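Undergrad: Predicted model and sequence follow; I will ask about them next.
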Amino acid sequence: MKKVILFILTTLALISCEKELDINPQGALVESVIEFDKKWVDQQLISAYAILDGNPGYFWAPASNWALGDVASDDFHKGSSIDDQPQLNDVERFSSGTTNIYLSRKWESLYEGISRTNQTLVSIDKAIEEGTSKEDLVILGAEARFLRAHYHMDAKKIWNNIPFMKEGLIATPPNDTDIWPSIEEDLIYASENLPENQEDPGRATSWVAKAYLAKAHMFQNDYQSARPILDNIINEGPFQLVSIYHDNFNGDKNNNSESVFAVQNSVNDGGDGFINGNRGNRLNHPYASDAPGGGCCGFFQPSQNLVNAFKTGADGLPLLDTFNDIDVTSDQGITSDIPFTPYIGNLDPRLDWTVGRRGIEYLEWGPMPGSRWIRDQSNGGPYVGKKHEVLKSQEGSISATGFPQYNAINTPLIRYSDVLLWRAEIYADDGQLTDAMNLVNRIRARAANPNGFVKNSDGTPAANYVISEYTTFPDKEYAIKAVRFERRLELASEGHRFFDLVRWGIAPQVLNKYINEESSKRVYLNGANFTSQKNEYYPIPLDAINSSEGALKQNSGY
């Protein structure tokens, strides 16, 4: 689909509302010159899919939500230098204001996507009026409603109090009504009217819509409604875990059996070479010309707390309560020309597919050299991210020729492991401890596959990887803790952590404990504080409020 997006975006007529929620187009065709038919509707739908990558928000509105979902959590620091993108410092310190560009661009991007889905639905009605069979347009309409639900759901978990924009609206509705029922209505329609398979990779299917519907219930803590949907996906759906963990982040393995729904990134595709690449991670490469990304820009650095979470005991299990007592050895303060020995203790192998740390093989680029790849180690720490980077052998093919900051690694929005862990959450909450443990163990068994370990050049494991399956969940409290911890390990850097902490109701205690401990290493965290009354949801951008003519009210505390 990506190959036709540039053409569509330059010719597509968008009939938009007068409000900023539906972004006014730079130029528009007159309806009288448009032939409303199935082909036209499909082109409009593709333009709605195109917004999945975060544009027009560029790197300020990443599809993965790394800025608002990971930097705002205990998993990642903003990184880079303290004076670059300073508004992201505010995100990390829970002090974002109403003019923060990471919020205003994200709002703009999501409601642009909503506008395009609504215009697709309007065009369907016009196409039917002009003689196209209604049956020929059902699937396209279901895809549009799925996308509308996706964009609203993303906004809902960021701001909570948001307006639901339906097709045909002229004025912005107030944001004082819970929109979950409207999101669910769209997802139910999509799940009932989409096919089980689509010819084009990246298009929504009935299984994708069901996964999103389950996610909507999980975010409302409605386990009773989520349970049968998840069981249906697990027992009858087409998804399965791939045998190698890193295949989920390998551009040559996009759309594998574990990918439920992902943003379809592409490069060297006949467009400008990079325009459809993963713009959201444009800033997040190691700060060195001999690293993937070609030297820009050093953002998105893992926290010591996250690295410590991957430690395992002699039994190969996570240290659920004591993981942060002693740090995994790092090269903080040690220049690249001084010898350094990596940590020799037990580690979960997923650490070194998630985090780049000194002395450990980095995706065929050689052992990560340490501070030479870090823009400002005193600010962001000694680590770099890894899941969004290409293998050295993929340079110029999976990364854009001449623009290595952009690559064709898909952005996963829901993976099958996500689905399994949601179901494990429900089992744990229901007290079905063995069932919860078995699902967690399916994921740990895959991580324990030695064929999937990071290897040295001689083929030996790059670190002391020791990982085992659980033999028991002794009680409900332990089960819940183990499932949540597994989710952190499995999905780290994929934009979920902050939103998980909020939906679990544990954000204040987890994040304030993290600040207290991590601020000894990252001094700019001193004085930061998270409160549930204010910080669980972000401030609604001032521009959106001003343009709503009084319809939108600001979130509490801002």
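TA: The structure has been received and is ready for your questions.

Undergrad: just how off-centre is the one helix or strand Trp40 maps to within its chain?
TA: Taking DSSP states H and E as the definition, one finds Trp40 inside helix 38-50. Distance of helix 38-50 from the chain centroid (C-alpha atoms, centre = their mean, to the nearest Å) equals 24 Å.

Undergrad: got it, and stretch 392-400?
TA: Distance, centroid of stretch 392-400 to centroid of chain: 22 Å (C-alpha atoms, centre = their mean).

Undergrad: again, but for stretch 524-539
TA: The answer for stretch 524-539 is 21 Å, by C-alpha atoms, centre = their mean.

Undergrad: what residues does it touch?
TA: The set of residues external to stretch 524-539 that reach it, using C-beta atoms under 8 Å, 6 or more residues apart in numbering, is 68, 82, 89, 92-98, 100, 103, 158-161, 379, 502, 507-508, 511-512, 515, 518-519, 554-558. The way it works is simple: take the backbone N, C-alpha and C, and place the C-beta from them, glycine included.

Undergrad: which of those residues count as buried?
TA: 68, 89, 92-94, 96, 98, 100, 103, 158-161, 379, 502, 507-508, 511, 515, 518, 554-555 (16 or more other C-beta atoms under 10 Å).

Undergrad: Could I get the full set of strands for the protein?
TA: Along the chain, counting by DSSP state E, strands occupy 76-79, 259-263, 299-302, 355-356, 384-385, 399-400, 403-407, 411-415.

Undergrad: Turn those strands into JSON lines, columns for distance to Asp176 and mean pLDDT.
TA: Formatted as JSON lines, the strands of the chain follow (distance: least, C-beta to C-beta, whole Å; pLDDT from 0 to 100):
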{"stretch": "strand 76-79", "distance to Asp176": "33", "mean pLDDT": "98"}
{"stretch": "strand 259-263", "distance to Asp176": "30", "mean pLDDT": "98"}
{"stretch": "strand 299-302", "distance to Asp176": "35", "mean pLDDT": "98"}
{"stretch": "strand 355-356", "distance to Asp176": "42", "mean pLDDT": "98"}
{"stretch": "strand 384-385", "distance to Asp176": "39", "mean pLDDT": "98"}
{"stretch": "strand 399-400", "distance to Asp176": "44", "mean pLDDT": "96"}
{"stretch": "strand 403-407", "distance to Asp176": "40", "mean pLDDT": "95"}
{"stretch": "strand 411-415", "distance to Asp176": "28", "mean pLDDT": "98"}
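
Undergrad: Of those strands, give the one that comes closest to Ser493.
TA: Nearest to Ser493 among the strands of the chain is strand 384-385; the distance by C-beta to C-beta comes to 5.7 Å.

Undergrad: Just checking: what are the partner strands of the closest one?
TA: strand 355-356 (antiparallel) (DSSP bridges).

Undergrad: Determine how far the strand it pairs with lies from the middle of the whole chain.
TA: Computed by C-alpha atoms, centre = their mean, the chain-centroid distance of strand 355-356 equals 18 Å.

Undergrad: cool, and stretch 263-271?
TA: 19 Å.

Undergrad: Show residues contacting it.
TA: Stretch 263-271 has contacts (C-beta under 8 Å, 6+ apart) with 1-3, 5-6, 49, 52-53, 63, 201-202, 251, 254-255, 273-274, 276-278, 396-401, 403, 406-411, 413.

Undergrad: Quick one: buried ones out of these?
TA: Among the contacts of stretch 263-271, the ones that count as buried by 16+ other C-beta under 10 Å are 1-2, 5-6, 49, 52-53, 63, 202, 251, 254, 274, 276-278, 397-400, 403, 406-411, 413.

Undergrad: check contacts around the closest residue to Asp352 other than its chain neighbours.
TA: If the residues on either side of it in the chain are set aside, Asp352 comes closest to Val454, at 4.1 Å by C-beta to C-beta, 6 or more residues apart in numbering. Neighbouring residues of Val454 by C-beta under 8 Å, 6+ apart: Pro349, Asp352, Trp353, Ile360, Glu361, Pro461, Ala462, Ala463.

Undergrad: Pretty sure Asn248 is one of the things Gly452 touches, is it not?
TA: No. Applying C-beta atoms under 8 Å as the test, Gly452 and Asn248 come out as separate, 10.6 Å apart.
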